[in-house]
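*Asks:* Quick one, structure for this:
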Amino acid sequence: MAARIDKIVTSGAFELDGGSWDVENNVWLVGDDAEVLVIDAAHDAREILTAVGDRRVVGIFCTHAHNDHVNAAPALADATRAPIMLHPAGAPLWGMAHTDRRWDWDLADGQEIEVAGVRGTVLLTPGHAPGAVCLSFPDLGVVFTGDTLFQGGPGATGRSFSDFPTIIDSISTRLLTLPPQTVVHTGHGGDTTIGDEAPQLDEWVVRGH
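*Replies:* Predicted coordinates for the structure are as follows:
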């Protein structure tokens with residue numbers, strides 16, 4: 001069985017710095033008919049479980065620890081017995097969302113995660129949030145970027161725990177070096193490609209300053 005990618009969109013609130021915003025999040029599932037990796041368990045564990053079906057969940061991968069990307073992770077982990085995976089630098093934000101539970105596995109730059117016969121490589125890409133990571137699957141020609149890179153620009157850096165020069169460095173050194181045809185699956189909104197975003201780097205830098 002060949003690996004495939006499924007997407008569901010869940011809705012809820014993003015909360016930080018005393019504010020709350022209604023958001024829609026992309027939840028990505030990479031796998032086959034037997035097993036699946038969930039990327040960013042957002043808002044609604046029941047909806048994610050419906051998409052998973054009877055497949056074994058090998059892990060719950062968190063691109064970063066903003067509440068809207070991890071708020072359904074513990075419930076999903078309890079239902080599936082799958083480990084929650086997060087870079088340890090995301091601990092301060094994780095603690096804001098979950099005061100009574102830690103994630104299960106520490107992610108590290110360069111770590112490989114295998115599911116359905118394909119391997120994903122963890123890319124450390126801080127800036128939008130501490131410990132933000134992307135997950136690149138070269139054999140599938142895709143990279144999951146969370147809130148680091150979107151169609152038309154980098155993720156937001158105007159709130160606590162974020163930094164614009166850092167996210168630009170992450171994008172330029174870790175993402176724009178991927179093959180230009182690589183499809184970018186984002187944490188919110190539509191897809192793009194590395195080739196479509198790379199020419200805009202200088203414009204982002206000017207705009208960001």
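
*Asks:* Strands along this structure, start to end?
*Replies:* For the chain, the strands defined by DSSP state E cover 4-16, 19-31, 35-39, 56-61, 84-86, 105-106, 112-115, 118-124, 133-137, 142-146, 149-150, 153-154, 183-186, 192-193.

*Asks:* Show me what the fifth one packs onto, helices and strands only.
*Replies:* Spelled out, that is strand 84-86. strand 56-61, helix 73-80, strand 105-106 (3 or more Cβ pairs under 8 Å, 6 or more residues apart in numbering; DSSP states H and E). C-beta here means a position set from N, CA and C on the backbone, and glycine is covered the same way.

*Asks:* Mean neighbour count, mean pLDDT and distance to residue 208 for these - can I get that in CSV?
*Replies:* Shown next, in CSV, are those (neighbours: other Cβ atoms under 10 Å; pLDDT from 0 to 100; distance: least, Cβ to Cβ, whole Å):
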stretch, mean neighbour count, mean pLDDT, distance to residue 208
strand 56-61, 22, 98, 28
helix 73-80, 19, 98, 30
strand 105-106, 16, 98, 30
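
*Asks:* Switch those over to TSV; also include distance to residue 172.
*Replies:* Listed next are the helices and strands packed on strand 84-86 as TSV, based on distance: least, Cβ to Cβ, whole Å:
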stretch	distance to residue 172
strand 56-61	23
helix 73-80	30
strand 105-106	26
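
*Asks:* before we move on, the earlier item: adding distance to residue 97, write the strands of the chain out as CSV.
*Replies:* Putting the strands of the chain into CSV (distance: least, Cβ to Cβ, whole Å) gives the following:
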stretch, distance to residue 97
strand 4-16, 8
strand 19-31, 13
strand 35-39, 16
strand 56-61, 14
strand 84-86, 11
strand 105-106, 17
strand 112-115, 22
strand 118-124, 21
strand 133-137, 17
strand 142-146, 15
strand 149-150, 22
strand 153-154, 23
strand 183-186, 20
strand 192-193, 27
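
*Asks:* Compare those strands and give me the one nearest residue 203.
*Replies:* Each of those has some distance to residue 203 by Cβ to Cβ; the shortest is strand 153-154, at 8.4 Å.

*Asks:* So what touches that closest one?
*Replies:* Residues from elsewhere that reach strand 153-154 (Cβ atoms under 8 Å, 6 or more residues apart in numbering): 127, 128, 148, 164, 167, 168, 171, 197, 200, 204, 207, 208.

*Asks:* Verify the contact between residue 67 and residue 16 for me.
*Replies:* Yes: counting by Cβ atoms under 8 Å, residue 67 sits close enough to residue 16 to count as a contact (7.4 Å).

*Asks:* And the helix or strand of the chain with the lowest mean pLDDT, what does it pack against?
*Replies:* Across the helices and strands of the chain, mean pLDDT, DSSP states H and E gives its lowest value to helix 201-208, namely a mean of 84. Counting contacts by 3+ Cβ pairs under 8 Å, 6+ apart, helix 201-208 is packed against strand 153-154, helix 164-170.
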